[in-house]
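Engineer: Give me coordinates for this.
(one chain, ligands or ions: 1)
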Amino acid sequence: MAKKKKKSMARVYLAMAVTFGLLIAIVILLITGISSCVSSCAGNNGSENPEASDNIDSNTSDKGNPPISENELKQSEEPVSTGGPSDEEADWALYVIGNNDPLPDDFTVKTKVVAGERELDERCADYAIKMLEDAKADGIDLFVTSSYRSIQKQAENLESYKNTLIAQGMSPEEAEIQAKKEIALPGCSEHNAGLAMDIVSSDYWSYHDDLDESFEELPHFDWLIANSWKYGFILSYPEGKEDITGFIYEPWHYRFVGLKHAKKIHEVYEETGEFLTVNEYIEEYIEG
Ligand SMILES: [Zn+2]
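Structural biologist: Modelled structure (predicted):
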């Protein structure tokens, strides 16, 4: 009997041991199952996102589309602030400059460096500096190839270009007319006012001899159209507006008009696809 009892107790112990073993095995299986899921999910998060963003970067640079940064999305609907003049104060920059609208004879401007040796009116320089910085952060390396230009330098540029055209075979009369379409008269350029920049890509001059319309094919142009208004700048000489501005289409030329006005001009562009010139904007929205 005692032997029998011992035997049945042994069976009980064996059964308990097997059950306990099974329980341990189940627990181990559960733990490893959960941890492997966790580690594989974390692995995906850790590896896919950087790959995705790498892909976005390489795709966009291949296709020539500007990458859209979180920064841009955050600011997409509002002008930036540089701690500079308020919107109201920035009305100073809204006026027409052209061959029929020269600067006053006593015009002077205080300039500030915006990039390298390039300068703008000190009242809008900080907006330009911020725009160049933000573009760079978005992977768009802009190069300011021209900015403030003295009236004396403007006269030299006009004369030099006229001579270039004559050397290319134009008559002096033809050269004079053509040069004035492309280069403003002294005192009649937005560059003389210290408000305008000619902007290209940082490597533009390594494969171009001159500013030309092909700039609009670069992602730099797309970025400027999408963003320059946030910094108070607009495209001064749009395509199809040559008769109004008196100048050829210049996708590289951006001019400060102030945050409020640039925003409104951009809104019209978003709604209609039309770039208002400064003349049109003043006539339709300020005087009208
Ligand atoms: Zn220009």
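Engineer: Tell me how many other residues crowd the residue in the stretch 51-200 of the chain that the ion sits nearest to.
Structural biologist: Using Cβ to the ion, Asp198 is the residue of the stretch 51-200 of the chain that sits closest to the ion, at 4.1 Å. Glycine gets a C-beta too; all of them are placed from N, C-alpha and C. By other Cβ atoms under 10 Å, 18 other residues sit near Asp198.
Engineer: isn't there a strand covering it?
Structural biologist: Yes. Under DSSP: H, G, I helix; E, B strand; the rest coil, Asp198 falls within a strand.
Engineer: so who does it touch?
Structural biologist: Contacts for Asp198 (Cβ atoms under 8 Å, 6 or more residues apart in numbering) come out as 144-147, 191, 211, 250, 252-253.
Engineer: at 10 Å instead, please
Structural biologist: For Asp198, the contact set (Cβ atoms under 10 Å, 6 or more residues apart in numbering) comprises 118, 143-147, 149, 191, 211, 215, 250, 252-254.
Engineer: same thing with Lys181?
Structural biologist: 99, 242, 246-248.
Engineer: again, 6 Å this time
Structural biologist: Contacts for Lys181 (Cβ atoms under 6 Å, 6 or more residues apart in numbering) come out as Ile248.
Engineer: now Ile265
Structural biologist: Ile265 makes contact with 234, 276, 281, according to Cβ under 6 Å, 6+ apart.
Engineer: Serialize the contacts of Asp198 to JSON lines and add fields for neighbour count.
Structural biologist: Below are the contacts of Asp198 laid out as JSON lines (neighbours: other Cβ atoms under 10 Å):
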{"residue": "Arg118", "neighbour count": "21"}
{"residue": "Phe143", "neighbour count": "18"}
{"residue": "Val144", "neighbour count": "20"}
{"residue": "Thr145", "neighbour count": "17"}
{"residue": "Ser146", "neighbour count": "18"}
{"residue": "Ser147", "neighbour count": "24"}
{"residue": "Arg149", "neighbour count": "22"}
{"residue": "His191", "neighbour count": "25"}
{"residue": "Leu211", "neighbour count": "19"}
{"residue": "Phe215", "neighbour count": "20"}
{"residue": "Glu250", "neighbour count": "21"}
{"residue": "Trp252", "neighbour count": "24"}
{"residue": "His253", "neighbour count": "23"}
{"residue": "Tyr254", "neighbour count": "28"}
